[in-house]
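A.B. asks: Predicted structure and sequence below. I'll ask about it afterward.
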Amino acid sequence: MTTRYYTHHACLGHDTGAHHPERIDRLRSVHDILDGPDFAGLDRREPSRAARDHLSLIHPTDYVDAVLDAVPSEGYRHLDADTVLSPGSGEAALRASGALVDAVDAVVGGEVDNAFCAVRPPGHHAEPARPMGFCLFNSVAVGAEHARNAFGLARAAVVDFDVHHGNGTQAMFWDDEGLFYASTHQFPHYPGTGAVDETGAHGNIANAPLAPGSGSDAFRKAFERIVIPALDGFRPEIVFISAGFDAHERDPLAQINLVEEDYAWATDQLVAVADTHAEGRVVSVLEGGYDLSALASSAAAHVARLMAVGKKEQ
């Protein structure tokens with residue numbers, strides 16, 4: 001048993017153009033560090049494409065078709081001011097969501113302890129019928145619904161420590177008592193959602209907003225006082241992590257000032273909850289992170305803690 005690492009070269013083909021923060025080099029930086037000797041034990045796989053039926057678990061079919069049909073044969077097409085399509089974007093998006101489907105199959109099927117999906121475009125801002133914030137399809141929500149649809153799990157949870165609130169995931173989960181979403185994020189900040197009183201139709205949303213300038217202590221207290229108790233109360237049968245690393249102190253898009261050790265610590269907290277309630281099932285997916293060095297070292301800290309699960313079992 002080990003940690004499975006999903007990534008695909010097609011995710012490098014999603015070209016957002018010059019000077020866009022969600023750029024190809026983000027994924028290259030993660031590849032480079034996870035190709036190092038400390039990560040030789042990763043079980044590396046290329047994900048399959050998500051089927052339209054997988055995407056339609058959370059997005060209307062006409063939305064899925066509209067996004068894929070909008071992919072240009074050359075050049076760029078803007079879906080909004082921040083969300084860009086290039087000729088490789090459709091394949092990248094299908095592989096990104098496919099990674100979550102494959103990871104769920106492997107983790108719930110008992111092939112591996114947990115999984116990390118290093119893919120792009122990210123997904124947590126994509127709403128049911130609206131792309132935004134660099135996101136086309138909400139891959140982590142695809143994974144959560146696939147876990148319930150294919151394996152009959154009753155309760156799937158997503159915990160999001162990206163510095164931006166995952167408005168898309170929250171919107172998709174709001175009315176469903178079998179889905180749980182918790183987030184730590186800078187507030188007020190893009191996209192403007194994530195206030196503490198946004199709790200879902202069934203109390204299944206837990207937001208822990210952090211003021212600009214917050215650091216490690218505030219982040220860890222938010223986890224200990226809000227995120228983990230709510231997650232424990234939900235008793236998830238699988239835990240997903242929207243692993244954005246843009247709350248790092250060197251990231252240019254926000255001001256939360258975390259360091260690598262915070263991501264390692266948070267990973268340990270989530271793994272412990274999964275061990276208690278979910279037979280250790282954890283699936284993590286890359287979201288944000290825009291300083292290349294901080295992104296790489298933070299992802300490495302996160303994956304190292306996922307890998308430590310398998311080592312403890314040996």
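C.D. replies: Alright, I've got the coordinates.
A.B. asks: For the lengthiest strand in the chain, which helices and strands make contact with it?
C.D. replies: Longest strand in the chain by number of residues (criterion: DSSP state E): strand 179-186. When contacts are defined as 3 or more CB pairs under 8 Å, 6 or more residues apart in numbering; DSSP states H and E, strand 179-186 packs onto strand 156-160, helix 167-173, strand 205-210, helix 228-234. Using the backbone N, CA and C atoms, a C-beta is placed for each residue, glycine as well.
A.B. asks: quick one, that strand and strand 156-160 angle?
C.D. replies: 0 degrees (axes from the mean of the first three to the mean of the last three CA atoms, to 10 degrees).
A.B. asks: mean confidence score for strand 179-186?
C.D. replies: The pLDDT scores in strand 179-186 average 98.
A.B. asks: Okay, angle between it and strand 205-210 too, please.
C.D. replies: Going by the same axes, to 10 degrees, strand 179-186 makes 10 degrees with strand 205-210.
A.B. asks: Check the offset of strand 179-186 from the chain's centre.
C.D. replies: Chain-centre distance of strand 179-186: 11 Å, with CA atoms, centre = their mean, to the nearest Å.
A.B. asks: Flag the shaky bits of the stretch 1-150 of the chain, pLDDT-wise.
C.D. replies: For the stretch 1-150 of the chain, the stretches with pLDDT under 70 are 1.
A.B. asks: just the strands in it please.
C.D. replies: 3-6, 43-45, 77-78, 84-85, 114-117 (DSSP state E, counting those that start in this stretch).
A.B. asks: just these: most buried one?
C.D. replies: strand 114-117 (a mean of 29; mean count of other CB atoms under 10 Å).
A.B. asks: and that strand, what does it pack onto?
C.D. replies: strand 3-6, helix 89-108, strand 282-286, helix 292-313.
A.B. asks: what's the pLDDT at the most centrally placed residue in the chain?
C.D. replies: Central residue of the chain (CA atoms, centre = their mean): residue 242, 2.6 Å from the mean position. The score at residue 242 is 99. That number is its pLDDT.
A.B. asks: residues in contact with residue 139?
C.D. replies: Applying CB atoms under 8 Å, 6 or more residues apart in numbering to residue 139 gives the contacts 96-97, 99-100, 117, 119, 122-123, 285.
A.B. asks: Among those residues, name the buried ones.
C.D. replies: 96-97, 99-100, 117, 119, 122-123, 285 (16 or more other CB atoms under 10 Å).
A.B. asks: in what helix or strand does residue 201 lie?
C.D. replies: Here residue 201, judged by DSSP states H and E, is contained in no helix and no strand.
A.B. asks: Report the spatially closest residue to it, excluding sequence-adjacent ones.
C.D. replies: residue 175 (4.7 Å; CB to CB, 6 or more residues apart in numbering).
A.B. asks: which ones are touching that neighbour?
C.D. replies: 200-202.
A.B. asks: Restrict stretch 98-112 to CA atoms and write it as PDB.
C.D. replies: Output of stretch 98-112 as PDB, limited to C-alpha atoms (Å, rounded to 0.1, in the frame of the first residue of the first chain):
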ATOM      1  CA  GLY A  98     -10.400  11.800 -14.900                       C
ATOM      2  CA  ALA A  99      -7.600  11.800 -12.300                       C
ATOM      3  CA  LEU A 100     -10.200  12.200  -9.500                       C
ATOM      4  CA  VAL A 101     -12.300   9.400 -10.900                       C
ATOM      5  CA  ASP A 102      -9.300   7.100 -11.200                       C
ATOM      6  CA  ALA A 103      -8.000   8.100  -7.700                       C
ATOM      7  CA  VAL A 104     -11.400   7.300  -6.100                       C
ATOM      8  CA  ASP A 105     -11.400   3.900  -7.800                       C
ATOM      9  CA  ALA A 106      -8.000   3.100  -6.500                       C
ATOM     10  CA  VAL A 107      -8.400   4.400  -3.000                       C
ATOM     11  CA  VAL A 108     -11.900   3.000  -2.400                       C
ATOM     12  CA  GLY A 109     -11.000  -0.100  -4.200                       C
ATOM     13  CA  GLY A 110      -8.100  -0.600  -1.700                       C
ATOM     14  CA  GLU A 111      -5.300  -0.500  -4.200                       C
ATOM     15  CA  VAL A 112      -3.500   2.300  -2.400                       C
END
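A.B. asks: What residues sit buried inside it?
C.D. replies: So stretch 98-112, judged by 16+ other CB under 10 Å, has buried residues 98-108, 112.
A.B. asks: and these as TSV, adding distance to residue 130?
C.D. replies: Output for the buried residues of stretch 98-112, formatted as TSV (distance: CB to CB, whole Å):
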residue	distance to residue 130
98	22
99	22
100	20
101	22
102	26
103	25
104	24
105	28
106	30
107	29
108	29
112	33
